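# can't give you the sequence, but here's the structure:
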């Protein structure tokens, strides 16, 4: 207890650390709010800043900056329908419809509060697991990764609306595109059409922007009625609207806690990342709702779930990064290199000689998430004013952000061509009322499933399904499929009765 309190005092009573955290939080929010930048680029650009710093201030700056990136990513996701980062794509599903019906301020408030709570609970999760960190991380191998990804894929049914068949087909299409690129075992190129930019697969940022953002722009250009497409133009946003969203997090406190815990657990498992956490928690929110038909049309729970998970997973991901030198996510992989630059050698000694640094970083997660939410709430009233613009005037700006995000996300101009193709596909899906969220779920989980299945079969053969944790996840997957089919049957029966 003395070590915990001393680390808190070190952070709170050092004015230089406060200044560093304020600067880092502001920088992290900007990198999250600009589509295509994200936390990885933020860390890369931060390395020259922290180079030469002492270990403690440099680590505090990096962790504070990275912990609020997804908080910033919720702003373009909600107000413009463009995900600031890949994991924020799930927030678009309900955040942007809320803005369209004049509740952008409420959605912003809910996302900021959920992000703060998720970040704090993620830090608590990290603190609680320090005594038992080894067995928890080592319990997951390729077999468990496969079944966990398979469990996430079953959430396709939850986000498919009233037509499970359409959702499965769209999810299968995303799964097919996930196989574009190098085969993980042999390196053989698959479905790349001899295009070098596809060797690493379809860029998730480009896919998300194409499927979600471009269709909205095309709808405006096609000449939909101006009054119907004015994004909340008749609504005046103020702090009351933002605090209404904050109160929504309190009303749905159970969902907030559950998704924060799920996100932290997923962050703990190396290789899964924030995309998996956000979509699994979005699916969890749909499945546990008494009115799942509201999702995709502006349900505040669809904002709370993924936003809580986005921030809580950082606490989980920091644990294997520090104690095993195994990055819990792609962002943490870059963070690992930055830690080494600062003289930190991740490994078992972090649980001994450097435990004081670990506790300072845990407190940094807590303080940075609270600071980020408060800073956003302070300026959220003015950020929401963007929705008072006539929506048609936003089209060039949105298209510019979409193109910049696609280029930065994939690092190749050919991604702009892919953006056009996927934009047309997304517009067709929107026009004919096909669910779009299953596409991204399939695209994100496909590579994880494939690589894990290959590794599991190589190590254990078909008997990998009998491993205790894997078997439990397999049972959970079957139960989830059964619930989805039963729910879909009830909806279909209810629709026939109403007719």
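Ah, there it is. All of these numbers come straight from a predicted model, not from anything done at the bench.
# when you work out contacts or count neighbours from here on, use the C-alpha atoms and nothing else.
Will do.
# count residues in the vicinity of residue 82, would you?
35 (other Cα atoms under 10 Å).
# surely it is within a strand?
No - secondary structure of residue 82 (DSSP: H, G, I helix; E, B strand; the rest coil): coil, not part of a strand.
# touching, it and residue 212? I think so.
Yes - counting by Cα atoms under 8 Å, residue 82 touches residue 212, with 7.2 Å between them.
# anything in contact with each of the two?
residue 92 (Cα atoms under 8 Å, 6 or more residues apart in numbering).
# okay, strands next: where are they in the protein?
181-182, 189-190 (DSSP state E).
# strand partners (parallel or antiparallel) of the first one?
For strand 181-182, the paired strands and their directions (DSSP bridges) read strand 189-190 (antiparallel).
# so which residues make contact with the strand it pairs with?
With Cα under 8 Å, 6+ apart, strand 189-190 has contacts from 179-183, 199.
# most neighbours among those, which one?
residue 181 (23 neighbours).
# who touches it in this structure?
189-192, 198-202.
# what is the most widely separated pair among the residues you listed?
The most widely separated members of those are 189 and 202, with 12.8 Å between them, by Cα to Cα.
# still on that earlier bit, nearest to residue 358, of the strands of the chain?
Closest to residue 358 of the strands of the chain is strand 181-182 (Cα to Cα; 37.6 Å).
# for the closest one, the averaged confidence score.
What strand 181-182 shows for mean pLDDT is 78.
# centre-most residue in the protein?
In the chain, the residue lying closest to the centroid (Cα atoms, centre = their mean) is residue 87, at 2.2 Å.
# name the nearest residue to that residue, sequence neighbours excluded.
Nearest residue to residue 87 in three dimensions, chain neighbours excluded: residue 275, at 4.3 Å (Cα to Cα, 6 or more residues apart in numbering).
# avg pLDDT for stretch 314-326?
Here the average pLDDT along stretch 314-326 is 74.
# in CSV, list the contacts of strand 189-190 along with distance to residue 358.
Formatted as CSV, these follow (distance: Cα to Cα, whole Å):
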residue, distance to residue 358
179, 39
180, 40
181, 38
182, 38
183, 38
199, 38
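# can you list the residues that contact stretch 9-28?
Under Cα under 8 Å, 6+ apart, the answer for stretch 9-28 is 39, 42, 57, 60-62, 64-69, 72, 360, 363-364, 368, 371-372.
# try it again with 6 Å
61, 64-66, 68-69 (Cα atoms under 6 Å, 6 or more residues apart in numbering).
# which among those gets closest to residue 399?
Of the contacts of stretch 9-28, the one sitting nearest to residue 399 (Cα to Cα) turns out to be residue 69, at 22.0 Å.
# ok, and the closest non-adjacent residue to the closest one?
In space, residue 69 is closest to residue 32, 4.4 Å off (Cα to Cα, 6+ apart).
# over to residue 252?
residue 301 (7.5 Å).
# just residue 122 next, same as before
Of all residues beyond its chain neighbours, the one nearest residue 122 is residue 312 (4.0 Å), with distances taken as Cα to Cα, 6+ apart.
# from residue 239, how far off is that neighbour?
Distance, residue 312 to residue 239, using Cα to Cα, to the nearest Å: 25 Å.
# and what of residue 286?
28 Å.
# the more surrounded of those two?
Neighbours per residue, other Cα under 10 Å: of residue 286 and residue 239, the larger number sits with residue 286, 25 against 17.
# go ahead and confirm that one touches residue 292.
Yes - contact criterion Cα atoms under 6 Å: residue 286 and residue 292 qualify, at 5.4 Å.
# quick revisit: of the contacts of residue 181, closest to residue 248?
Set against residue 248, the nearest of the contacts of residue 181 by Cα to Cα is residue 202 (36.0 Å).
# tell me the pLDDT of the closest one.
81.
# report how many residues lie close to it.
The number of residues packed near residue 202 is 22, by other Cα under 10 Å.
# now do the phi/psi pair for it.
With angles defined as degrees, to the nearest 10, residue 202 sits at phi -80, psi 130.
# do the same with residue 192
Note on residue 192: its backbone torsions stand at phi -90, psi -10 [degrees, to the nearest 10].
# roughly how far does it sit from residue 356?
49 Å.
# over to residue 67?
According to Cα to Cα, residue 67 stands 20 Å off from residue 356.
# more neighbours: which of these two?
Remark: of residue 67 and residue 356, residue 67 carries more neighbours, 29 against 19, as counted by other Cα under 10 Å.
# rewinding a little: can you list the contacts of stretch 9-28 in a markdown table and add distance to residue 435?
Below are those laid out as a markdown table (distance: Cα to Cα, whole Å):
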| residue | distance to residue 435 |
| --- | --- |
| 61 | 40 |
| 64 | 36 |
| 65 | 34 |
| 66 | 32 |
| 68 | 30 |
| 69 | 27 |
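# would you turn these into TSV with pLDDT?
Listed next are the contacts of stretch 9-28 as TSV, based on pLDDT from 0 to 100:
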residue	pLDDT
61	89
64	87
65	86
66	83
68	82
69	81
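# from those residues, pick the one nearest residue 267.
Of the contacts of stretch 9-28, the one sitting nearest to residue 267 (Cα to Cα) turns out to be residue 66, at 13.8 Å.
# low-confidence stretches in the stretch 351-499 of the chain?
Applying pLDDT under 70 to the stretch 351-499 of the chain picks out residues 351-353, 380-394, 398, 401, 405, 408-411, 484, 487-499.
# show me the helices in it, by range?
Listed in chain order, the helices of the stretch 351-499 of the chain (DSSP state H, counting those that start in this stretch) span 355-383, 391-410, 414-431, 437-460, 468-498.
# export these as CSV, with columns for distance to residue 20.
Below are the helices of the stretch 351-499 of the chain laid out as CSV (distance: least, Cα to Cα, whole Å):
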stretch, distance to residue 20
helix 355-383, 11
helix 391-410, 27
helix 414-431, 36
helix 437-460, 34
helix 468-498, 42
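# between those helices, which gets nearest to residue 77?
Comparing the helices of the stretch 351-499 of the chain by Cα to Cα, helix 391-410 comes nearest, at 11.2 Å.
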